[in-house]
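Student: sequence first, predicted model second:
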Amino acid sequence: MKNKPIKSINKIITYILLTVFAIISLLPLYWVFSTSLQLSSYQSQDMERPVSYVNANPPKMYPMGIPLYFEHWSEAREAAKAGDIELETYHRDMMSYIIEDTFSSFVNLFTKQDVGKWFFNSIYIAVIVTFGILLFDSMAGYVLAKKKFPGRNLIFWVIISTMMIPGQVTLVPLFFMVGKLELMNTHWALILPDLAMVFGVFLMRQFMYSIPDELLEAARMDGASEWKTYWTVVLPLAKPGLAALGIFTFMSVWNSFLWPIIVLNNEALYTLPVGLKTLQDANLASFKLLMSGAAITAIPMIIVFILFQRHFVKGLTIGGVKE
Amino acid sequence: MTQVKLDPVQEVNMNENRLQGTKNAKKSHKKPNTVWRDMKKNYSAYLFLLPKLILFVLFVAFPVVWAIVLSFQKYRFNGSIFIGLDNYIAVFNSEAFSIALKNTLLFTVVTVPFSVISALVISVMIFGLGKISQSFFRSAFYLPSVTSMVIIAMVWRWMYNYDFGLFNYFLSWFGVEPINWLGQSATALWALIIMSCLIPFGTGIIMYLASMGSISQSLYEAARIDGANSLKQFFHITIPLLKPTTLYLVLLSTIGSFQVFTQIIMMTGGGPGSSTETLVHLIYKTGFRDFEYGLASAQAVVLFVIILIFSIIQFRVLRHDE
């Protein structure tokens, strides 16, 4: 009985601490969006210099568009009462100014920069790699888990042991190869090395173990070919694993950075992260513009995360801890 | 008909292969080579492996071997020449490398324990909550992990801004004078370390939560009956049983932090001076700015060996004292 109040106090403290930690962890992302939608500046008649809202000290903690509207609302009403202006005009002018200024950097990015193109490049490269990985890795994982053939263990261990090797080791040789194959400044230079990532083989093999042998046996008894067995029996059973692998592949391709900045020099071919770097190099202090670019890059992954949360958890915990 | 030795599994398979088996069996009668026959029988397995294997050989295995060869060469436009261990000697004699190594080690030694321990603490706190709050907080802490490090680095560069950054503003609440975080060599590396510590280790939290879920409740009940308080339960049940997860997470984050790069190129470019130079940024600069391909490969091989040594040590230490 005496324990109860202590327990609930503990619980409250836990909640408070977690909330504080969560705010700290989400603050940078919030700041990306807040800055991207911040008013760049505002000049009213009675001011000498325009007020900057992005570069403000103390910083404005949220986009100032709507607050600005209300800040000047009472003045406008006074003026309207005195017959100087029409309230409707105030509303129309102010709203159009606020909306235009709030989204100005997004408009700028899509009209004056190649962001639209970069966005498309990022999407289609990530989609191609994801589907390629899903197909090839599930095929490889399936036979490595379920078939007995000479060299199986050797192949598996050779593939797995390279997971330990950091990607930087192969940077220079890959750069030479891409040059020799005349793929420099093409998207193949990104797609082909990404398709060779080995993590999925490991993940798929772990996952395929749990498929009961009897089902495969039954398919074979029915006279199904190996391919048909794989396509109609194995793949449907592996769906949760495929979903997890697909999401992680998409995420890592979408966010990949070091290799793309080495092989892409042509602005029209950039992916979003590479584009962001050039954007920053050219506009070091235009934080509204930079944060808008960052927001455009972040939004797709945030949506993917919200839609497929379950699979993220699953993907991280397959084969990771238990083995 | 079957003169060659077969294990039971293969014997069963033989029955299904009888149609084509006659021909094979005759051949193997003359030359009993089980391996070759197994390979033939399982040709479809090799076909399934083929696409991945080709990609793997071309874009992973071959480049790894090539990188090692390159590390013994000096790159020349009209054909590289072998120079033995000169690149490695250069790596170990260069001041740039030892500075980069020192910075990377400091970064790793601070951020890895901090990330793993804070992930553990946060997970324990989340684990005690109800289902809905649990999944809410789990998502909140994992969300930053799905966004590209490029974005995180950009926004932190903005937050570290001397005049208008959030960081100096928050510090001003506590009476701290504005600090030029990224602009001076005394604070730049620490700014990057603080940033890494404040980005939640989302993978760690999710994995810890999953492992905690698999610990049997009866252990805790038994401990309670023996009169162990929750702190004791945590240190004597939770931590020991989470050890495999901890080992995995320490390895994972060590490997990651040895490869720290994106923050560097996006926020400091290794500077001011070489105060934030790290190994991977140095490799990038050596290879793709100075075009010293052989030297860059040697640096990368050394990085790999360092990571390997660290992994082995961690594996030994965390495995041993059960």
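Tutor: Great, that's in hand. Fair warning: this is a prediction, and the values are worked out from it, not measured in the lab. Residues are numbered from 1 along each chain as shown, chains lettered A, B, ... in the order given.

Student: around chain B, pick out the residues from the stretch 201-323 of chain A.
Tutor: A:201, A:220, A:226-227, A:230, A:251, A:254-255, A:257-258, A:261-262, A:272-273, A:276-277, A:280, A:287, A:290-291, A:293-294, A:297-298, A:301-302, A:304-305, A:309, A:312-313, A:316-317, A:320-321 (CB under 8 Å from any CB of the partner chain). No exception for glycine: its C-beta is placed from N, CA and C like everyone else's.

Student: please repeat the previous calculation with a cut-off of 6 Å.
Tutor: A:226, A:255, A:257-258, A:262, A:273, A:276, A:287, A:290, A:294, A:297-298, A:301, A:305, A:313, A:316-317, A:321 (CB under 6 Å from any CB of the partner chain).

Student: any of the residues you listed buried? List them.
Tutor: The neighbour count (16 or more other CB atoms under 10 Å in any protein chain shown) marks A:226, A:255, A:257-258, A:262, A:273, A:276, A:287, A:290, A:294, A:297-298, A:301, A:305, A:313, A:316-317, A:321 as buried among these.

Student: just the residues you listed: which are in helices?
Tutor: Taking DSSP state H as the definition of helices, these contribute A:226, A:255, A:258, A:262, A:273, A:276, A:287, A:290, A:294, A:297-298, A:301, A:305, A:313, A:316-317.

Student: how about these, which pair is most distant?
Tutor: Distance extremes for these: the farthest pair is A:226 and A:287 at 56.8 Å, using CB to CB.

Student: what's the domain layout of chain B?
Tutor: Listed by automatic domain parsing, the domain ranges of chain B are B:8-84, B:90-320.

Student: deepest in the core, which of those domains is it.
Tutor: domain B:90-320 (a mean of 18; mean count of other CB atoms under 10 Å in any protein chain shown).

Student: the bottom helix or strand of chain A by mean pLDDT?
Tutor: Between all helices and strands in chain A, the lowest mean by mean pLDDT, DSSP states H and E belongs to strand A:41-42, at a mean of 75.

Student: list the strands paired with it, with their directions.
Tutor: Partners of strand A:41-42 in the sheet, by DSSP bridges, are strand A:51-52 (antiparallel).

Student: can you name the next helix or strand after the partner strand?
Tutor: For strand A:51-52, the succeeding helix or strand toward the C-terminus, using DSSP states H and E, is helix A:65-71.

Student: and for that following helix, what's in contact with it?
Tutor: Contacting residues not belonging to helix A:65-71 are listed as A:39, A:94, A:98, A:102 [CB atoms under 6 Å, 6 or more residues apart in numbering or on different chains].

Student: if you rank those by neighbours, which is first?
Tutor: Comparing the contacts of helix A:65-71 by number of neighbours (other CB atoms under 10 Å in any protein chain shown), residue A:39 comes first, having 23 neighbours.

Student: measure the closest residue to that one other than its chain neighbours to chain B for me?
Tutor: What sits nearest to residue A:39 in space, not counting adjacent residues and going by CB to CB, 6 or more residues apart in numbering or on different chains, is residue A:53, at 4.4 Å. Using CB to the nearest CB, to the nearest Å, we find residue A:53 at a distance of 10 Å from chain B.

Student: and residue A:53, what does it touch?
Tutor: When contacts are counted by CB under 6 Å, 6+ apart, residue A:53 touches A:38, A:39, A:60, A:64.

Student: of these, which is the most crowded?
Tutor: Going by other CB under 10 Å, residue A:38 tops the contacts of residue A:53 with 26 neighbours.

Student: residues touching that residue, list them.
Tutor: Going by CB under 6 Å, 6+ apart, residue A:38 touches A:53, A:54, A:63, A:288.

Student: and with 7 Å instead?
Tutor: Going by CB atoms under 7 Å, 6 or more residues apart in numbering or on different chains, residue A:38 touches A:53, A:54, A:60, A:63, A:64, A:288.

Student: ok, those residues vs chain B, which is closest?
Tutor: The closest of these to chain B turns out to be residue A:54 (CB to the nearest CB; 7.6 Å).

Student: hang on, the earlier thing: where does the residue nearest to residue A:39 land on pLDDT?
Tutor: Looking at residue A:53, its pLDDT is 84.

Student: for chain B, which helix is longest?
Tutor: As assigned by DSSP H, the longest helix anywhere in chain B is helix B:95-127.

Student: quick check: mean pLDDT across that helix?
Tutor: 94.

Student: tell me the domain boundaries of chain A?
Tutor: Domain assignment for chain A by automatic domain parsing gives A:3-110, A:113-317.

Student: distance between the helix or strand where residue B:207 lies and the chain's centre?
Tutor: Under the criterion of DSSP H and E, residue B:207 resides in helix B:202-213. The chain centroid and the centroid of helix B:202-213 are separated by 17 Å under CA atoms, centre = their mean, to the nearest Å.

Student: state the distance from residue B:104 to chain A.
Tutor: Per CB to the nearest CB, residue B:104 is found 12 Å from chain A.

Student: who touches that residue in this structure?
Tutor: Here residue B:104 is in contact with B:258, B:260, B:278, B:279 (CB under 7 Å, 6+ apart).

Student: again, 8 Å this time
Tutor: Going by CB atoms under 8 Å, 6 or more residues apart in numbering or on different chains, residue B:104 touches B:257, B:258, B:260, B:278, B:279.

Student: circling back: contacts for the helix holding residue B:207 next, please.
Tutor: Applying CB under 8 Å, 6+ apart, the contact partners of helix B:202-213 are A:312-313, A:316-317, A:320-321, B:115-116, B:119-120, B:122-124, B:126-127, B:134, B:138, B:141-146, B:238, B:241-242, B:244-245, B:248-249, B:252-253.

Student: and the helix or strand that that helix is followed by, average pLDDT?
Tutor: Where DSSP H and E defines the elements, the next helix or strand beyond helix B:202-213 is helix B:217-225. Per-residue pLDDT over helix B:217-225 has a mean of 85.
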